[in-house]
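1. A predicted structure for the sequence below; I have some questions about it.
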Amino acid sequence: MNIDRRQLALPVLALGLGIGLMSVAPAFAGADEDAIAKNVEAFRAAQAAGNADGIAPLCAEELSYSHSSGAVDDKAALLAGVKNAKYKWTSLEYKDPAIRIVGPAAIVRFNFVGEQEFTDGKKTPQNLHILMNWQKQGSDWKLLSRAATKL
């Protein structure tokens, strides 16, 4: 059987395009992971500072924010709670974050470790497991939902 160059051209071209596309997909995933990681850190920093104005642009209008107490806030209630908090964070870390992108959504998990100091001087440690779901809206990643479980 004789095979000439023209018969090999199409399979070689298809293979080349496939390899090229495979190398581009992780680049997009890496850029999205970086953007999500940046938003998660911005959320943590704003939360630690009690800065509702820093949290607001990171959240979707449809936000469902579940606390470890079982209370559930929408975006407006979350921002009001941050503005009117009767405590400040003396420390707040998001430990061991894991980001998994699934299409236009991202699953973020981490341990939430911190300490709150209330206006009466009482200090309360926090040790939670957090699940955040982020959604790509246009070119931005927005926090769509959050759930907390006490550890």
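-> Received the coordinates, thanks.
2. Which strands or helices does the strand or helix carrying Pro125 pack on?
-> Applying DSSP states H and E as the criterion places Pro125 in strand 123-137. Applying 3 or more CB pairs under 8 Å, 6 or more residues apart in numbering; DSSP states H and E, we find strand 123-137 packed against helix 5-49, strand 87-102, strand 105-118, strand 140-150. C-beta here means a position set from N, CA and C on the backbone, and glycine is covered the same way.
3. and these as TSV, adding mean pLDDT, mean neighbour count and distance to Ser68?
-> Shown next, in TSV, are those (pLDDT from 0 to 100; neighbours: other CB atoms under 10 Å; distance: least, CB to CB, whole Å):
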stretch	mean pLDDT	mean neighbour count	distance to Ser68
helix 5-49	69	12	14
strand 87-102	97	14	14
strand 105-118	98	17	9
strand 140-150	98	18	4
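4. returning to that earlier point: how about residues contacting the strand holding Pro125?
-> Identification of contacts with strand 123-137 by CB atoms under 8 Å, 6 or more residues apart in numbering yields 32, 36, 39-40, 60, 68, 87, 90, 94, 104-118, 141-151.
5. make it 7 Å
-> 36, 39, 60, 68, 90, 104-117, 141-151 (CB atoms under 7 Å, 6 or more residues apart in numbering).
6. So the residue nearest to Glu41 when sequence neighbours are not counted versus Lys38, what's the distance?
-> In this structure, Glu41 finds its nearest non-sequential neighbour in Tyr94, 7.6 Å apart by CB to CB, 6 or more residues apart in numbering. Using CB to CB, to the nearest Å, Tyr94 is found at 13 Å from Lys38.
7. Same question for Ala77.
-> On the measure of CB to CB, Ala77 and Lys38 end up 25 Å apart.
8. Next: Ile130.
-> Going from Ile130 to Lys38 by CB to CB gives 17 Å.
9. Same question for Pro97.
-> From Pro97 to Lys38 the distance is 12 Å (CB to CB).
10. One more: Lys150?
-> Taken as CB to CB, the span from Lys150 to Lys38 is 28 Å.
11. before we move on, what about Lys88?
-> 24 Å.
12. ok, now Glu62?
-> With the distance defined as CB to CB, Glu62 ends up 22 Å from Lys38.
13. go on, Leu151?
-> Counting by CB to CB - Leu151 and Lys38 are separated by 26 Å.
14. Also Val113?
-> Looking at Val113 against Lys38, where the rule is CB to CB, the gap reads 21 Å.
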